[in-house]
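1. model this:
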Amino acid sequence: MDAPDPRVIPPLTALLAFERAATQLSFRRAARDLSLSPSAISHQIRGLEQQFGTRLFVRGARAVRLTADGERYLARVSAALATLQEASRDMLRQRGEASGELWISSLPFFTSAVLLPALPEFKRRHPQLTLRIEATHQYADFTGSRVDVAIRYGREHAAGLKVEPLVKVKGLPVCTPALLKAGLRTPADLSREVLIHVTTQPRAWPAWLKEAGLPHLAPRGHLWLDSVPAMLEAAEHGLGVALALAPLIKARPGFGKRLVAPFAFEPAQSETIYLVSRTEQARDRRISAVRRWITDAVARAS
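-> Numbers count the residues shown, from 1 in each chain. Below is the predicted model of the structure:
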C-alpha cells in the first residue's frame, strides 16, 4: 500500500464540514453541530471544490443538495471518518479504562448542587475510579476531547450521542429573609429590587417575568455574574434577587435560612437537564456506574 500523500488529503476540518453539511443538507445545521459559523462551513466546502475542480453541492435560495460527485465523495468520506473516529475512541477508552479515570463535563450549578455533595458516596461505591469534573456552560466536545459524560441543557449538538433526561427544572426567585421582611411579597414587588443574572442565560429573567404576567417590569437595577454559584452567593449577601433552579436549589446548604423563595408563583414552562454520553459506550461499566450515581444524586437533591 502506498504511503498517504498529504497533498491529496484535504484538512480534517474541511472533511468534517463537508460530511455534516452533506448529511444534514444544510450549512446552518452543520455549523450548529460543529460549533462553527455557516460562513466557516461554506468556506471549507469551497476549498474542497477548488481542490477537486468540481462542485459538491448545488446551492439553492433556501436549500442545498449534493451533486453526483458530492454523493460519491460523501460515501467514501463518511466511511473514512467513521473508521478514524472508532480508532480514536478505542484509544481513549483503553487509556481511560487502564487509568481508572472518567471525565465529566457538567453545568456549574449542577456540579455544586448535585455532584459535589454526592462525591463521598461515589468514592465509597467505586474507590478504583477517579473522576475529573469540569464545571462549564460550554457544550462538551465528544469528538475532540476526553470527556466521557456531560450534563447539560437541551438536545442540541447531539448527533451520535445518547441523551437521557435527568430532571426538569423551573426558575425560582430566591433572596435573603431580610428582603422578604422588607416587603417582597409578590412578583410585582421586584420593581423595587435588583435582579441578579447569569451572563450565559440572558433570557432567564425576562422569560420568568413574562410568565408571571409582568413582561414590562422595570427593576431597580441589574447585576450580571458569570455563573450560577456566583449569582447565588450574591443573593446570599443581599445584593438582589436571583433566579435559581427548582427543585435543585433545595439541595443547596442554607436554603430556607440564608436563601428563601418569596413567591408561591410557579411558571408552567420548564427546561430539562440531560445526561449525555457516547452511544458506543453504553455498555462501558464505568459509564454505567457514573450514570447510576448521578441518577441517585439527582433523586436526593430533588
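
2. rounded to a whole number, what's the mean pLDDT of stretch 19-34?
-> Stretch 19-34 carries an average pLDDT of 91.

3. Spatially nearest residue to E266, not counting backbone neighbours?
-> With CB to CB, 6 or more residues apart in numbering as the measure, K170 is the residue that lies nearest to E266, at 6.4 Å, once sequence neighbours are left out. C-beta: built from backbone N, CA, C; applies to glycine.

4. so where does the closest residue to E121 other than its chain neighbours fall, helix or strand?
-> Taking CB to CB, 6+ apart as the measure, E121 lies nearest to W293, with 7.0 Å between them; neighbours along the chain are not counted. For W293, the host element (DSSP states H and E) is helix 285-301.

5. name the helices or strands packed onto that helix?
-> In this structure, helix 285-301 packs against strand 101-106, helix 116-125, strand 149-153, strand 161-174, strand 271-278, with contacts taken as 3 or more CB pairs under 8 Å, 6 or more residues apart in numbering; DSSP states H and E.

6. run the last query once more with 7 Å
-> With contacts defined as 3 or more CB pairs under 7 Å, 6 or more residues apart in numbering; DSSP states H and E, the packing partners of helix 285-301 are helix 116-125, strand 271-278.

7. Go through these and pick out the most buried.
-> A comparison of the helices and strands packed on helix 285-301 by mean neighbour count, using mean count of other CB atoms under 10 Å, puts strand 271-278 on top with a mean of 19.

8. quick one, that one and strand 101-106 angle?
-> Following axes from the mean of the first three to the mean of the last three CA atoms, to 10 degrees, one obtains 150 degrees for the angle between strand 271-278 and strand 101-106.

9. What lies in contact with strand 271-278?
-> Contacts of strand 271-278 with the rest of the structure, by CB atoms under 7 Å, 6 or more residues apart in numbering, involve 89, 110, 142, 148-153, 155, 158, 161-169, 287, 291, 294.

10. Between strand 161-174 and it, find me the angle.
-> Inter-element angle recorded for strand 271-278 and strand 161-174: 150 degrees (by the same axes, to 10 degrees).

11. Can you give the strand pairings for strand 271-278, parallel or anti for each?
-> strand 149-153 (antiparallel), strand 161-174 (antiparallel) (DSSP bridges).

12. so what's the most centrally placed residue in the chain up against?
-> What sits nearest the mean C-alpha location of the chain, by CA atoms, centre = their mean, is R152, with 3.6 Å. Contacts here follow CB under 7 Å, 6+ apart; on that basis R152 touches 107, 139, 274, 276.

13. rerun that using 8 Å as the cut-off
-> Contacts here follow CB atoms under 8 Å, 6 or more residues apart in numbering; on that basis R152 touches 105, 107, 139-140, 273-274, 276.

14. How far does stretch 72-84 sit from its chain's centre?
-> For stretch 72-84, the separation from the chain centroid amounts to 28 Å (computed by CA atoms, centre = their mean, to the nearest Å).

15. CA atoms of that stretch as PDB?
-> As requested, C-alpha coordinates have been extracted for stretch 72-84 and formatted as PDB (Å, rounded to 0.1, in the frame of the first residue of the first chain):
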ATOM      1  CA  ARG A  72     -19.900   9.600  -4.300                       C
ATOM      2  CA  TYR A  73     -17.500  11.600  -2.100                       C
ATOM      3  CA  LEU A  74     -19.800  11.600   0.900                       C
ATOM      4  CA  ALA A  75     -20.000   7.800   0.900                       C
ATOM      5  CA  ARG A  76     -16.200   7.500   1.000                       C
ATOM      6  CA  VAL A  77     -15.600  10.300   3.400                       C
ATOM      7  CA  SER A  78     -18.300   9.100   5.800                       C
ATOM      8  CA  ALA A  79     -16.700   5.600   5.900                       C
ATOM      9  CA  ALA A  80     -13.200   7.100   6.400                       C
ATOM     10  CA  LEU A  81     -14.300   9.400   9.200                       C
ATOM     11  CA  ALA A  82     -16.200   6.600  11.000                       C
ATOM     12  CA  THR A  83     -13.000   4.500  10.900                       C
ATOM     13  CA  LEU A  84     -10.900   7.300  12.300                       C
END
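
16. who's in contact with that stretch?
-> Residues outside stretch 72-84 that contact it (CB under 8 Å, 6+ apart) are 15-16, 18-19, 22-23, 52, 56, 66.

17. Just the buried ones out of those, please.
-> With neighbours counted by 16 or more other CB atoms under 10 Å, the contacts of stretch 72-84 contain buried members at 15-16, 18-19, 22, 56, 66.

18. Check those and tell me the two furthest apart.
-> In these, two members sit farther apart than any others by CB to CB. They are L16 and L66, at 16.3 Å.
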